[in-house]
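Enquirer: Build the 3D model from these lines:
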Amino acid sequence: MSLKARLAILQAVILATGLALLGALLVESLERSLLTEADDVLARRAGEVDDAVRAVLARGLGETGVSGVPLDPDAQEAFATPGVYVEVLGIDGRLLGASRGLPPDGLPGRDAALADARAGRSRLETVPVGDDDVRVLSEPVAQDGRPVAVVRVGESLRYVATTVRGLVRLLIVGGSVVLLAALVATWIAVSRALDPLERIATTAERIARTGDVDVRVLVRTSGEVERLRVAFNRMVDRVRRVLDAQRQLLADTSHELRNPLTVIRTNLDLLGRDLDAATRAEVVAETEEEAELMTRLVADLLFLSRAEAESVEHRPVRLDEVVRETVERFRQLVPDREIVLDAPAALPVLGDEDRLRQLLTNLVENALRFTPPPGRVTVSALDAGGRARLVVEDTGVGIAPEHLPRIFDRFYRVDPARSRATGGTGLGLAIVRRIAESHGGTVRVESEPGKGARFTVTLPSAGVGAIGQD
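Expert: Numbers count the residues shown, from 1 in each chain. Alright, predicted model coming up:
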């Protein structure tokens, strides 16, 4: 069953339940009001009969077997109305008076009425008389402080039942019309509200079927559905960018691997020929260099892939200590170039220590690669107003302005021939940017040809005392 149908059915059930409860309340209120009105009429009529009985008793006829209780003409006319019943009983159960329409056996419930009268209590009840329900009020009549008779006045509730049935029919017909109109209105409103959802579902099915990620949901709406539409379009945009990046990565990787594979294949072919020892050693050395380049390229690709797929575990890290360790390691590896350290104070950051070390290693390697002896590389780790600033600056060849916007792209090389000669894979700075962004930071470069380059990484600081709390 579709969502539209389920919502329409739910709306119908809620509305029908509400109408039923309202109808029941109205019927109950009307019936209670009509019964109260009937009880008031019975009380007035009982009072009229009570006055007549007291007049008879005042003449001393109450104990001599009266055959009737004389009523005034207005009362006689009222008691002659069909559905109105009056009977007067002695306290011993004798019938002292009755209206013309009284059933032959009298009104039901005489024994209970007499018992209540002897106790001085009134009694109000509904009893069956033929096919009708009759509301009966029994009132005791006292003389000298003792009950001597019972006045019982009854009125048919047929008009109450008729009125209630009329209201029930009206509620059923009116409620059905209202329910039908509400269903139509709900169906139209739900259809309009769910139209964007249907478009989103259709678009998603089309993308899944064709792989075309250039389609978008363009219809605008409001509220949560609009948020869903915007989020869906953003998700599709991101999927498209990821697919484009994957295709570009595949193309770039294929291009980068083609040259070393070609060299290796050519050298293997040469090794199968009759070469002198010096030439054979040169071919083997070149093959090893190309194999080493491929190894570094694959390692960088794996690292970059993991960095993009995995989330960073943010833990307090002493960035100044990472900088000191990295600088000392490079001082031992590259003794012919000056590496200056500037990390004067503790600098805690939140992040992954291994990845931050990789970021710094790539920046220093890049600086050393393009800074020939006796050049200088300066590594600084400073507090910049609540944020950690890592700076790697060199005195090398520098970067031309046209290359700066793409310097952090994968496999981008300022001088491809020279980069390959120095052993670069073209992924080092791309890894730097990815690590910085995964830590909530940024990286930028400033450079002029012949004046060196300055790479600045800004990271969120963990605050003073964060390391000690870990």
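
Enquirer: Give the other helices and strands that whichever helix in the chain runs longest contacts.
Expert: Looking across the chain with DSSP state H, the single longest helix is helix 3-58. Applying 3 or more Cβ pairs under 8 Å, 6 or more residues apart in numbering; DSSP states H and E, one finds that helix 3-58 contacts helix 73-79, strand 84-90, strand 95-98, strand 132-143, strand 146-156, helix 158-210. Yep, even glycine has a C-beta here, placed from its N, CA and C like the rest.

Enquirer: Could you point out which of these sits nearest residue 31?
Expert: Judged by Cβ to Cβ, the one of the helices and strands packed on helix 3-58 that comes nearest to residue 31 is helix 158-210, at 5.4 Å.

Enquirer: So which elements touch the closest one?
Expert: By 3+ Cβ pairs under 8 Å, 6+ apart, helix 158-210 packs against helix 3-58, strand 132-143, helix 223-271.

Enquirer: Tell me the strands beside the second one, with direction?
Expert: It stands for strand 132-143. Note on strand 132-143: by DSSP bridges, its sheet partners are strand 123-129 (antiparallel), strand 146-156 (antiparallel).

Enquirer: Any chance of the ones you listed in JSON lines with distance to residue 437, mean neighbour count and mean pLDDT as columns?
Expert: Shown next, in JSON lines, are the strands paired with strand 132-143 (distance: least, Cβ to Cβ, whole Å; neighbours: other Cβ atoms under 10 Å; pLDDT from 0 to 100):
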{"stretch": "strand 123-129", "distance to residue 437": "83", "mean neighbour count": "15", "mean pLDDT": "89"}
{"stretch": "strand 146-156", "distance to residue 437": "89", "mean neighbour count": "23", "mean pLDDT": "87"}
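
Enquirer: Quick one, which of these gets closest to residue 275.
Expert: strand 123-129 (123.8 Å).

Enquirer: Now stretch 443-463: average pLDDT?
Expert: For stretch 443-463, mean pLDDT is 90.

Enquirer: hang on, the earlier thing: of the strands paired with strand 132-143, which approaches residue 23 most closely?
Expert: The nearest among those, by Cβ to Cβ, is strand 123-129 at 22.8 Å.

Enquirer: Give me the domain ranges for the chain.
Expert: Domain assignment of the chain by automatic domain parsing yields the ranges 3-162, 213-310, 314-469.

Enquirer: circling back: between the strands paired with strand 132-143, which gets nearest to residue 97?
Expert: Nearest of the strands paired with strand 132-143 (Cβ to Cβ): strand 146-156, 9.0 Å.

Enquirer: what's the angle from that closest one to strand 84-90?
Expert: Per axes from the mean of the first three to the mean of the last three Cα atoms, to 10 degrees, the angle that strand 146-156 makes with strand 84-90 is 160 degrees.
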